[in-house]
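Chemist: Coordinates only, no sequence provided:
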C-alpha cells in the first residue's frame, strides 16, 4: 500500500538525508507512524536515484531479528547487509530492542559512508546513553499522531469520506484519535479498542519490564487519573490528595515517578507555567496534555466532549509538532492558556475557547488576560466560531481553519 507522506516531518528531515555526521533519531509514542516515516524517507531516496543496495532497512521488531538483542549481533547484522561501495543509508526501527546499541551505531557513523536513521518509542530509551555517548552527533525529530490537518489529508489520500460539516469531522477526530492505523476501522468502538491495545502495548513493552513496575493496579489508577484530568492545573501534592481521597495509599515519590514514566512514554506532555510579569518559570503547578486525545476516550465510556481542555490539547500538540516552545502563562491572577516561542525567538500569546459569541462574560474573560500584556507580540483568541470579531488588536481566528492550513503563530 502506498504510504501517506507526513510532510510536516519530512520537510524537517530532508536537509539531513545525506548527512553522515549526524544520526537522525525519530521518537514518538508507539504507533504514531515512525516506521512509515522511515519507509517514506527510503522511498524518497530511491526516487532520487539511490540504488536499492545502498539502503539497509532493519525492523528489529520483525520475527527474523528477534535474536538480535546484543551489540555484537547488531553489528554482524548490519555488516551482513553491507554490499554497496558508496554511501549507504542505514534505517533501524525499534533500536531499543538492542541493549547498549549506542557504541555500534556511533562506530558506523565514525567509519564514514553511512547516513543513519533510527527510531525508538520512548525518550528515556534514547536520551540517557545518547546524551553521554553521542552528544552533538544526533538530532531528535519528535513525531506525533496525526494532527487534524493530517487526519483529513490522510483520509482523502486513501479515499475515505470526509464529513462535510467541519465541526462534525472534528468531533469524529477527537473521539477516535489520530493514530494512523485507526483510520482503517469504520466503527468508533473498533478505533477505541485499537487505542486501548496501544496503551497495553506501551505498558508491556516499554514500562513494566524496563521500569520495574511491580504494582500495576496502582500504576493504572495514576495513569487513568492523569489522563482523565488532562489540561487541568495540578501538582504532585494535589494528585496524591485526590488519590488518597479515593482510598489509594501512595507516596509523593511514587506518584512523581509514575508521572515521569508516562511523560517518558510520550503518553503525557508536561506544560510548565510561566509568570509573564516576572519572566520566571513557576515550578509547582503544571498542566499535562495528551499526545493523542484517543487515550482519553479509549479510557472513558462517556463520549461527551468537554471542549475546553480538548481544544487546548489540540492547540498544544499543534504547537509542539510545529517546533514551538510552549508554556502556560500567568499574569497577576489571570491566566493565558499558552505562550509560544518560535524558532526566531518571537513570542505569541494564545487563548482557546469553543465560542465567545454567545456570552459577553465569556468573551471578556478570554480577552482580559491578553489585554493586560503590554508587549507587541501577536495575541490570539482561537475558537470554533466562524463569525470573527476585532478587539484591541487581538486576532480572533477560527481554530479549525488555523490548524488545517498550518498557520504560524509568530
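Modeler: Perfect, I can see it now. The shown structure was predicted, so the numbers you read here are calculated from the model rather than taken from an experiment.

Chemist: Give the closest residue to residue 107 in space, chain neighbours not counted.
Modeler: Nearest residue to residue 107, sequence neighbours excluded (C-beta to C-beta, 6 or more residues apart in numbering): residue 75, at 7.6 Å. Quick note: C-beta positions are derived from backbone N, CA and C, even for glycine.

Chemist: Which helix or strand contains that neighbour?
Modeler: In the assignment (DSSP states H and E), residue 75 maps to helix 71-80.

Chemist: Would you check that residue 37 makes contact with residue 6?
Modeler: Yes - counting by C-beta atoms under 8 Å, residue 37 touches residue 6, with 5.5 Å between them.

Chemist: Touching both of those two, which residues are there?
Modeler: Jointly contacting residue 37 and residue 6 under the rule C-beta atoms under 8 Å, 6 or more residues apart in numbering are residue 143.

Chemist: in stretch 133-140, what's buried?
Modeler: 134, 138 (16 or more other C-beta atoms under 10 Å).

Chemist: what's the closest residue to residue 272 other than its chain neighbours in contact with, if anything?
Modeler: Leaving aside its sequence neighbours, residue 272 sits nearest to residue 327 (C-beta to C-beta, 6+ apart; 5.0 Å). Residue 327 is in contact with 271-274, 281, 338-339, counting by C-beta under 8 Å, 6+ apart.

Chemist: low pLDDT regions in the chain?
Modeler: By pLDDT under 70, the low-scoring segments of the chain are 121, 123-131, 282.

Chemist: domain assignment for it?
Modeler: Per automatic domain parsing, the structural domains of the chain span 7-142, 148-305, 325-404.

Chemist: Make CSV from those domains and add distance to residue 311 to it.
Modeler: Below are the domains of the chain laid out as CSV (distance: least, C-beta to C-beta, whole Å):
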stretch, distance to residue 311
domain 7-142, 20
domain 148-305, 9
domain 325-404, 5
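
Chemist: Of all these, which one is nearest residue 410?
Modeler: Nearest of the domains of the chain to residue 410, taken as C-beta to C-beta: domain 325-404 at 4.0 Å.

Chemist: In terms of helix, strand or coil, where does the spatially most central residue of the chain fall?
Modeler: Against the mean C-alpha coordinate of the chain, by C-alpha atoms, centre = their mean, the closest residue is residue 144 at 3.6 Å. Here residue 144 takes the coil state, with states given by DSSP: H, G, I helix; E, B strand; the rest coil.

Chemist: could you measure it against residue 381, distance?
Modeler: According to C-beta to C-beta, to the nearest Å, residue 144 and residue 381 sit 24 Å apart.

Chemist: cool, and residue 232?
Modeler: Counting by C-beta to C-beta - residue 232 and residue 381 are separated by 21 Å.

Chemist: neighbour-wise, which of the two wins?
Modeler: residue 381 (24 against 12; other C-beta atoms under 10 Å).

Chemist: List the contacts of the more buried one.
Modeler: Contacts of residue 381 by C-beta under 8 Å, 6+ apart are 350-353, 356, 366-367, 370, 394-397.

Chemist: Phi and psi next, for the residue nearest to the centre of the chain.
Modeler: Here the main-chain torsion angles of residue 144 (degrees, to the nearest 10) amount to phi -120, psi 160.

Chemist: Find the nearest non-adjacent residue to it, please.
Modeler: Residue 144 sits nearest to residue 321 (C-beta to C-beta, 6+ apart), 4.9 Å away.

Chemist: burial measure for the one you found, as a count.
Modeler: So residue 321, with other C-beta under 10 Å, has 21 neighbours.

Chemist: and if you look at residue 145?
Modeler: Other residues lying near residue 145 total 26 when counted by other C-beta under 10 Å.

Chemist: That one - nearest residue in space that isn't next to it in sequence?
Modeler: Nearest to residue 145 is residue 178, by C-beta to C-beta, 6+ apart, at 3.6 Å.

Chemist: so the one you found, which of the three states?
Modeler: Applying three-state DSSP: residue 178 is coil.

Chemist: so what's it up against?
Modeler: 144-148, 150-151, 292-294.

Chemist: could you redo the last one with a cut-off of 7 Å?
Modeler: Residues near residue 178 by C-beta atoms under 7 Å, 6 or more residues apart in numbering: 145-147, 151, 292, 294.

Chemist: Repeat that for residue 316.
Modeler: Under the criterion of C-beta under 7 Å, 6+ apart, the neighbours of residue 316 are 271, 289, 326, 338.

Chemist: can you give me the strands in this structure?
Modeler: 23-27, 55-59, 88-93, 114-120, 138-142, 268-275, 280-290, 325-331, 334-341, 347-352, 379-383, 390-391, 394-398 (DSSP state E).
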